[in-house]
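**Student:** need a structure here:
(chains A, B and C)
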Amino acid sequence: MTIQNIFSLAFLNGLNDMNKTILNVKNLECDFLIEKNIFKENIYLKAINNLSFEIRSGITLGIVGESGCGKSTLCRTILSLNKKKSGTISWFNKDIDNYTNKELKEFRRKVQIIFQNPYESLNPRMTIGNIISEPLNIFQNNLARKDKVFKVIETMQKVGLSEILFNRYPHELSGGQCQRVGIARAIINDPEILICDEPVSSLDLSVQSQILKLLNDLKDNLNLTMIFVSHDLSVVKNISDEVMVLKEGKMIEYGLVNSIFNSPQNIYTKELISSVPSPIPV
Amino acid sequence: MINNNEELIKKALSVKGTSLLSDAFKRLIKNKASLSGLVILSIITLLSIFGPYFLKFDFYETDWNSIYLPPDFESGHYFGTDGNGRDLLVRILYGGRLSLTIGIIATLVSVLIGVSYGTISGFFGGKLDITMMRIVEILYAMPYLIFVIILMVIFGRNIYLLFLAIGAVEWLTMARIVRGQTISIKEKEFIEASRSLGQSSLIIILKHIIPNLAGTIIVYITLMVPSVIILESFLSFLGLGVQEPLTSWGVLISEGSRDMETAWWLLIFPGLFMVLTLASLNFIGDGLRDALDPKDY
Amino acid sequence: MNNILEVKNLNVKFDTAQGEITAVNNISFNINKGKCIGIAGESGSGKTQTFFSITGILSDNGKATGEVNFNNLNLLELSESELSKIRGKDIGFIFQDPMTSLTPHMKIGDQLTEVSIYHEKKSKSESIKKAKEVLDKVRLPRINNLIKKYPHELSGGMRQRVMIGISLMCNPQLIIADEPTTALDVTTQKDILKIFNDLQKEEITIALITHDIGVLAEASDRIIIMNEGSIVEKGKTSKVLVTPEHDYTKHLLSCVPEWLK
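**Tutor:** Here you go, the predicted structure:
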């Protein structure tokens, strides 16, 4: 550990008292059934293997790893969209298994997710306006229709979408625009935490940088805590405060972004970083 | 400030997008086979509804002096008469009303039942799905005809019973198809997105799954209607269908086939109408399947 | 410098419901023998359609005009049967998605041997021998076992290497690789690029189409930047990426996230 890192960690530990823990994951295990047998035992694949970590408010955690490392499964499991095998997931200091229905509903408003494929994450039969207003219909259904429309347009402008796209369908929009729709849908109810599962991997390079800039701006303007999952290390490096490296469901390394990228400790992390081709030719 | 908002809302709502369905309709029209199918079907439907008013004979009117008359322009019996001296053309048109009505209504009933059953089974999965599908499979295995005969014997030859009997069988196919589609749609990311928003299962089924099934359902409707018409014709052919003097194409074909050697027109003309209708429906169904194929987007 | 491929005034147009769309607009470039040329551009730039038209696999509503000179033949003027003799033999094509480019119901060994049996009329046993050589070249382990497997039993990286192997079966002069590493992990990508490097040492020319600037910087000698159907800049990779001249190139490079300092 460099002197710089020791000071940074101490600073952050000090901040610890100010920044409360939002998510606490302990010994999480998730299995996938890959072979069902009648006469012998079923074969499971360990998607997440004894994972423990925590996230404090205001921090952006980057999760990197290659395919099969469990990062997407992790996103869905902590949101309770997937079943876990064992372990505890505590949001806002309460185990999510113990949440009442009312608390669960409020949880859904506070914690939102953006998906990787911009077209697949939108219902092709719904207009953009309807897609973005769906969260309003769930949480603020008593709003007048006009007010709902206005709130949708306001959110569209926040994410850089023109209001004339209101009645259009996803197939009429570009990949970047669809991803903005997904972001608008996620932020319209003022969430506190945003989980981004490979949000720019399917986009062109110039669109990637626009969406990343948008996410960065929203993070600051809306005071969001973010979990940013990606296999692209350069993208993660530019948006995260802390980084977790996953391999085959296990945590390989965890630390501040600068220490992970400038002085990685684990062999796998080193290999990962050295494999990224540098855009500057030799 | 309020003015600004109003302006903004007006501007946003003014631009309309093109939904997949309207796009599909345009493509359907371009398909020549489907277009001709649509035209022929419309003509037959209109003739069945309005035609009888323009003809001078009634469908139940017997004329013992004109039995088994071949097609004859002068006497007004354009398609000839049957063994009771009844005009064939007007009976075909009346038959059309019945066959088409049964086709549409029985299909709609099966769609309603089949879609509800299939989406619930597919969406919730697990033990519920297994149980529901076992029930469907058992019902499939039952001898349909015996079931219908028993119903007919108990309740008599009632036209509403006919609807019920047909609808009760066709929903099984629809349920299976819908369940399969639901299972594949359920895995899509936008369904996961809705769940992450906290949306209730009922709304997800109604607003997200069913609209995305629309393409499949519409295509199967156009293919199910011919199947229903044939089923009704078969029952009528066996004598289990509608009662005299009401008639359907099935009844006419049944009667016509008995007299086919001496009075060919009694079989050929009803048969022709039936074939044209079924072919049209099939063309429309094929055209719809191509037009609604999302792969082309 | 010896040119293996010379493209002159290539135009590719598509007939669509919205009218005629020009995908590739009058481009010209040369590929030097034994080198690796990178073609960069975003979606819609026309980079893939350029090479689809060169190998004659444009979709039915597409039309290519111009000159594409390969071994003294204008590929655009050849008939489908003449083209199919060159495709797969002298020019190999590696597609983007290894998941969908291999035939799911055929064993790996059969997919490899199919190529040389068709083109070079080799016997089955000769083809199998070549297949094993080729799989070794792409650094796949346990070759005897692998030949009997089906595509779904392999990982993405292994499938992509099999694709490269298939393109090598008939000793091609030119390999066109369309986004060969985009769907793969970073560590697998590194291995694939090493394989490309080895192939160049054997005088095989590589045309590498990708939007990943890092991959281009590492693997290509020369680079072509395409935007909306036209070539906006071309030249030595080290020059174009370090001192770009065209605005679009500068814009593209500015979008690349900052990597290690």
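**Student:** tell me the spacing between the closest residue to chain B within the stretch 1-150 of chain C and residue B:30.
**Tutor:** Among the residues of the stretch 1-150 of chain C, residue C:17 lies closest to chain B, at 8.7 Å counting by CB to the nearest CB. From N, CA and C alone the C-beta is placed, and that goes for glycine too. From residue C:17 over to residue B:30 the distance is 9 Å, taken as CB to CB, to the nearest Å.
**Student:** spatially, and excluding backbone neighbours, which residue is closest to residue C:240.
**Tutor:** Distance criterion CB to CB, 6 or more residues apart in numbering or on different chains; nearest residue to residue C:240, sequence neighbours excluded, is residue C:223 at 5.2 Å.
**Student:** and the residue of the stretch 1-150 of chain C closest to chain B, how many residues sit next to it?
**Tutor:** The number of residues packed near residue C:17 is 10, by other CB atoms under 10 Å in any protein chain shown.
**Student:** you'd agree residue A:61 is in a strand?
**Tutor:** Yes - judged by DSSP: H, G, I helix; E, B strand; the rest coil, residue A:61 forms part of a strand.
**Student:** now do the helix or strand where the residue nearest to residue C:240 lies: everything it contacts.
**Tutor:** In the assignment (DSSP states H and E), residue C:223 maps to strand C:222-227. By CB atoms under 8 Å, 6 or more residues apart in numbering or on different chains, the list of residues contacting strand C:222-227 from outside reads C:27, C:29, C:32, C:35-42, C:45-47, C:50, C:216, C:231-237, C:240-241, C:246, C:248-249, C:252.
**Student:** residues in contact with the nearest residue to residue A:235 once chain neighbours are set aside?
**Tutor:** The shortest distance from residue A:235 to any non-neighbouring residue, by CB to CB, 6+ apart, is to residue C:257 (5.4 Å). The contact partners of residue C:257, by CB under 8 Å, 6+ apart, come to A:208-209, A:212, A:232, A:234-235, A:237-238.
**Student:** tabulate those residues (JSON lines), appending secondary structure and neighbour count.
**Tutor:** What follows is the contacts of residue C:257, written out as JSON lines (DSSP: H, G, I helix; E, B strand; the rest coil; neighbours: other CB atoms under 10 Å in any protein chain shown):
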{"residue": "A:208", "secondary structure": "helix", "neighbour count": "23"}
{"residue": "A:209", "secondary structure": "helix", "neighbour count": "20"}
{"residue": "A:212", "secondary structure": "helix", "neighbour count": "20"}
{"residue": "A:232", "secondary structure": "coil", "neighbour count": "18"}
{"residue": "A:234", "secondary structure": "helix", "neighbour count": "17"}
{"residue": "A:235", "secondary structure": "helix", "neighbour count": "21"}
{"residue": "A:237", "secondary structure": "helix", "neighbour count": "22"}
{"residue": "A:238", "secondary structure": "helix", "neighbour count": "18"}
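**Student:** quick one: which of those residues is nearest to residue B:183?
**Tutor:** residue A:232 (32.5 Å; CB to CB).
**Student:** could you measure from the residue nearest to that closest one when sequence neighbours are not counted over to residue C:207?
**Tutor:** Spatially, and ignoring its direct neighbours in sequence, residue A:232 is nearest to residue A:201 (6.6 Å; CB to CB, 6+ apart). Note on residue A:201: its distance to residue C:207, by CB to CB, is 24 Å.
**Student:** out of these two, which sits in the busier spot?
**Tutor:** The neighbour comparison of residue A:201 against residue C:207 (other CB under 10 Å) goes to residue C:207, with 25 against 15.
**Student:** who does that one bridge with?
**Tutor:** Legend: beta-bridge partners of residue C:207 under DSSP bridges are residue C:37, residue C:176.
**Student:** distance-wise, check it relative to chain B.
**Tutor:** 29 Å (CB to the nearest CB, to the nearest Å).
**Student:** residues contacting that residue?
**Tutor:** For residue C:207, the contacting residues are C:5, C:31, C:36-37, C:39, C:51, C:174-177, by CB under 8 Å, 6+ apart.
**Student:** let's see that with 7 Å instead.
**Tutor:** C:31, C:37, C:39, C:51, C:174, C:176-177 (CB atoms under 7 Å, 6 or more residues apart in numbering or on different chains).
**Student:** equivalent analysis for residue A:120, please.
**Tutor:** By CB under 7 Å, 6+ apart, residue A:120 lies in contact with B:188-190.
**Student:** how many neighbours does residue 61 have?
**Tutor:** All of this is about chain A. 23.
**Student:** not what I meant, chain B
**Tutor:** Number of residues near residue B:61 (other CB under 10 Å) recorded here: 14.
**Student:** for residue A:142, same thing?
**Tutor:** 6.
**Student:** and the gap between it and residue C:192?
**Tutor:** According to CB to CB, residue A:142 stands 56 Å off from residue C:192.
**Student:** wait, residue C:250 touches residue C:241, no?
**Tutor:** No - contact criterion CB atoms under 7 Å: residue C:250 and residue C:241 do not qualify, at 10.7 Å.
**Student:** where along the chain do the strands fall?
**Tutor:** In the absence of a named chain, this looks at chain A. Along chain A, the stretches classed as strands by DSSP state E are A:21-35, A:43-56, A:60-64, A:86-91, A:94-95, A:111-114, A:193-197, A:225-230, A:242-247, A:250-256.
**Student:** chain C was what I was after
**Tutor:** In chain C, the strands defined using DSSP E lie at C:3-16, C:19-32, C:36-40, C:62-70, C:73-74, C:91-94, C:174-178, C:205-210, C:222-227, C:230-236.
**Student:** tell me which of these is the most buried.
**Tutor:** Among the strands of chain C, strand C:36-40 has the highest mean neighbour count (mean count of other CB atoms under 10 Å in any protein chain shown), at a mean of 26.
**Student:** got the CA coordinates for that strand in PDB?
**Tutor:** Coordinates of each C-alpha in strand C:36-40 appear next as PDB, following Å, rounded to 0.1, in the frame of the first residue of the first chain:
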ATOM      1  CA  CYS C  36      -2.600  -5.600 -40.900                       C
ATOM      2  CA  ILE C  37      -4.900  -2.800 -41.800                       C
ATOM      3  CA  GLY C  38      -7.400  -1.600 -39.300                       C
ATOM      4  CA  ILE C  39     -10.800  -0.200 -40.400                       C
ATOM      5  CA  ALA C  40     -12.300   2.000 -37.700                       C
END
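**Student:** what is the rounded mean pLDDT of that strand?
**Tutor:** What strand C:36-40 shows for mean pLDDT is 93.
**Student:** pull the residues that contact that strand.
**Tutor:** For strand C:36-40, the surrounding residues in contact (CB under 7 Å, 6+ apart) are C:31, C:47, C:196, C:200, C:206-211, C:213, C:216, C:219-226, C:237.
**Student:** show me where pLDDT drops low in chain B?
**Tutor:** Filtered on pLDDT under 70, chain B yields the residue ranges B:1-4, B:20, B:293-297.
**Student:** secondary structure class of the most centrally placed residue in it, three-state.
**Tutor:** Centroid-nearest residue in chain B: residue B:225, 2.6 Å away (criterion: CA atoms, centre = their mean). Three-state call for residue B:225 (three-state DSSP): helix.
**Student:** over to residue B:171?
**Tutor:** Assigned by three-state DSSP, the conformation of residue B:171 is helix.
**Student:** ok so, going back, turn the strands of chain C into JSON lines, including distance to residue B:243.
**Tutor:** Supplementary listing: the strands of chain C in JSON lines, determined by distance: least, CB to CB, whole Å:
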{"stretch": "strand C:3-16", "distance to residue B:243": "57"}
{"stretch": "strand C:19-32", "distance to residue B:243": "60"}
{"stretch": "strand C:36-40", "distance to residue B:243": "76"}
{"stretch": "strand C:62-70", "distance to residue B:243": "62"}
{"stretch": "strand C:73-74", "distance to residue B:243": "77"}
{"stretch": "strand C:91-94", "distance to residue B:243": "69"}
{"stretch": "strand C:174-178", "distance to residue B:243": "69"}
{"stretch": "strand C:205-210", "distance to residue B:243": "72"}
{"stretch": "strand C:222-227", "distance to residue B:243": "75"}
{"stretch": "strand C:230-236", "distance to residue B:243": "76"}
